[in-house]
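K.L.:
only geometry, no sequence info:
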């Protein structure tokens, strides 16, 4: 319980610390009527890419973080590490082909 | 509790200072490789140049391009700094134990370090600029390339040392050979992942300045840009610190000289190890040209990931036959 409290407090301190740095900066801002910082009045060109990439990355990262818990928290039984590698290899097979 | 708060604030100030110092070190060494002098004017040998750059960016007027999602950008900018500062609290600098330490803290560090990369992608997608969008798409492609070798290299050390707690890893590797001796492939994978994570050449593809202006950072200005730049500096320091802890035994001294001097010696040992890793990263970025995104993916997927898996299998064999005693 105390550990959790210390961790939450530390996170809040880091948040306040970075917020302070941010607030120290110049607050004056200008809203540009153009979509580019350079101020050019060009048409917005969206990049052609598959949204499946984004979903895939999030899936991979989520699975990676979740499975590593099984893999290396049971470091005394190496079969879990092998299982982890097999699952990662399985995920890699599902990489979107088209972009 | 008050003690923790004071220590945390002091630690964050120290971490920010060290991050800026390593930016200067990186720029200076990179310049020397190119027969330039690098930062020179601000402070002795230009050591205050990163701080001057940060202050300059913070004091500049901010321009919000039309159609940008301002709130998402601000939240991403603040969180990208605070999350790296938070995970740095787990890194032991003055003893074998970090300011924060609990069972399995290595996993938390890994998970949060991934979130920081994703925050940058989210911020870049919140603008309408094509350079930002291409930069963000490239970052995503790079994440799926370097994230697996990064986790596999960390897992190699965890399996070798039989611990997922940083303080235990440091304690267990203090009086033995450093894990880098038993896991050299994992160390190479870790260094390459670090280069990709902090977006340095040859993996600076998301912000390739000759192709994309500033890449995913193109549409940011003023204090938002300052925060993202600071976050990248902190990330370099964090990755180098984690590398020093995992592969070189961190602050490990092995014996006690004096309770007052020990923390200083521990810090000095840690500082030398981190500097060595930053030097390796700078050397790589100075001597190798930028890869295209498909080449970078090929390197990670065809070489680094299989080699990292091989490294894990080797470590499992070493552990099964009790060849390594850590």
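P.N.:
It's in. Quick caveat, the model's predicted, so the values are computed rather than measured.

K.L.:
which residues in chain B form helices?
P.N.:
All helices of chain B, identified by DSSP state H, fall at B:2-33, B:49-59, B:70-88, B:105-125, B:130-161, B:166-172, B:179-182, B:184-197, B:209-212, B:222-248, B:262-287, B:293-298, B:305-320.

K.L.:
near chain A at all, the last one?
P.N.:
Yes: Helix B:305-320 comes into contact with chain A (CB under 8 Å from any CB of the partner chain), by way of B:305, B:309, B:312, B:316, B:319-320. For the C-beta atoms, the positions are set from N, CA and C on the backbone; glycine is no exception.

K.L.:
Return the member of those nearest to residue B:274.
P.N.:
Taking CB to CB as the measure, residue B:274 lies nearest residue B:312 of these, at 25.3 Å.

K.L.:
circling back to that earlier point, can you select the buried ones from the residues of helix B:305-320 next to chain A in PyMOL?
P.N.:
A single PyMOL command selects the buried members of these (16 or more other CB atoms under 10 Å in any protein chain shown):
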select buried, chain B and resi 305+309+312+316+319
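
K.L.:
Give me the contact list for stretch B:227-240.
P.N.:
A:18, A:21-22, B:15-16, B:18-20, B:22-23, B:26, B:50, B:53-54, B:57, B:77-78, B:80-81, B:84-85, B:87-88, B:91, B:113, B:116, B:120, B:123, B:194, B:197-199, B:217, B:220, B:274, B:277-278, B:281 (CB atoms under 8 Å, 6 or more residues apart in numbering or on different chains).

K.L.:
let me redo that: stretch B:194-214
P.N.:
So stretch B:194-214 is in contact with B:113, B:117, B:131, B:134-136, B:138-139, B:142, B:145-146, B:150, B:192, B:215-218, B:232, B:235-236, B:239-240, B:243, B:277, B:281-282, B:284-286, B:288-293, B:296, B:300, going by CB under 8 Å, 6+ apart.

K.L.:
Can you select the buried ones among those residues for me in ChimeraX?
P.N.:
The buried residues among these can be selected in ChimeraX (16+ other CB under 10 Å) with this line:
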select /B:113,117,131,134,135,136,138,139,142,145,146,150,192,215,216,217,218,232,235,236,239,240,243,277,281,282,284,285,286,290,291,293,296,300
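
K.L.:
What residue in chain B comes nearest to chain A?
P.N.:
residue B:223 (2.9 Å; CB to the nearest CB).

K.L.:
In contact with the closest residue to that residue other than its chain neighbours: list those residues for me.
P.N.:
Nearest residue to residue B:223, sequence neighbours excluded (CB to CB, 6 or more residues apart in numbering or on different chains): residue A:25, at 2.9 Å. Counting by CB under 8 Å, 6+ apart, residue A:25 touches B:57-59, B:62, B:222-223, B:226.

K.L.:
Point to the helix or strand of the chain where mean pLDDT is at its lowest.
P.N.:
In the absence of a named chain, this looks at chain A. Within chain A, no helix or strand scores below helix A:79-93, which has a mean of 63 by mean pLDDT, DSSP states H and E.

K.L.:
I was thinking of chain B, sorry if that wasn't clear
P.N.:
helix B:209-212 (a mean of 78).
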